[in-house]
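turn this into a model:
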Amino acid sequence: MEGDPDTTLVTEGEWKGWRVWRGLDPFEDLTGPFYLRQEPDGSVRCAFRADRKHMNAAGFMHGGCLMTFADYALFAIAHNHRERLGTPETSSGVTATLNGEFVSSVREGALVEATGEVVRMGRSLIFLRGLITSSGEPLLTFSGLIKRVRRRERS
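Okay, here's the model as predicted:
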């Protein structure tokens with residue numbers, strides 16, 4: 001992840017030492033910011049701070065926000081494996097499936113984190129699973145598939 005041209009290192013504030021993807025996914029730019037870092041064991045941890053914009057009418061985090069973060073986490077977790085998928089022209093992917101089970105809720109101000117693992121890599125599919133937590137308590141379990149696709153030119 002270090003030296004990755006797709007990520008930017010945060011150098012100050014609460015997220016110092018974490019990395020961000022900015023300008024690659026306009027929806028994530030709007031709903032985030034979401035952060036990622038590689039842990040000493042090589043795994044990836046994602047995180048963000050629950051803000052007012054992430055809440056539903058009842059004052060809890062909107063389920064759509066948790067699923068958006070789970071989708072982000074799929075790609076962050078798979079990121080270190082993309083080189084094994086082929087050339088840079090074919091190393092992009094799209095979400096083929098995303099499943100989530102809501103376990104608990106979270107309020108504004110909480111730190112929300114995601115971890116997970118690549119379960120299996122096929123020729124064109126990556127199988128993943130993960131867990132989103134806050135203060136060590138599970139919020140959402142998720143699993144998904146990323147389908148390898150040819151990277152498109154950005155306009």
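
can you pull out the helices in the chain?
With DSSP state H, the ranges of helices along the chain come out as 26-31, 63-78.

list the buried residues in the longest one.
Of all the residues in helix 63-78, those buried under the rule 16 or more other CB atoms under 10 Å are 65-78. (Each C-beta comes from the backbone N, C-alpha and C, glycine too.)

related to what we said a few turns ago, and the helices of the chain as TSV, adding distance to residue 50?
Shown next, in TSV, are those (distance: least, CB to CB, whole Å):
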stretch	distance to residue 50
helix 26-31	12
helix 63-78	8
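
worst-scoring helix or strand of the protein, pLDDT-wise?
Lowest on mean pLDDT, DSSP states H and E among the helices and strands of the chain sits helix 26-31, with a mean of 86.

for residue 45, find the nearest of the helices of the chain.
Closest to residue 45 of the helices of the chain is helix 63-78 (CB to CB; 8.5 Å).

list the contacts of that closest one.
27-28, 31-32, 34, 36, 43-44, 46, 48, 54, 56, 93, 95, 98, 100, 102, 112, 114-118, 126, 128, 130, 132, 139-140, 142, 144, 146 (CB atoms under 8 Å, 6 or more residues apart in numbering).

and residue 20, how many residues sit next to it?
Using other CB atoms under 10 Å, residue 20 has 18 other residues around it.

how near is it to residue 103?
Applying CB to CB, to the nearest Å, the value for residue 20 to residue 103 is 27 Å.
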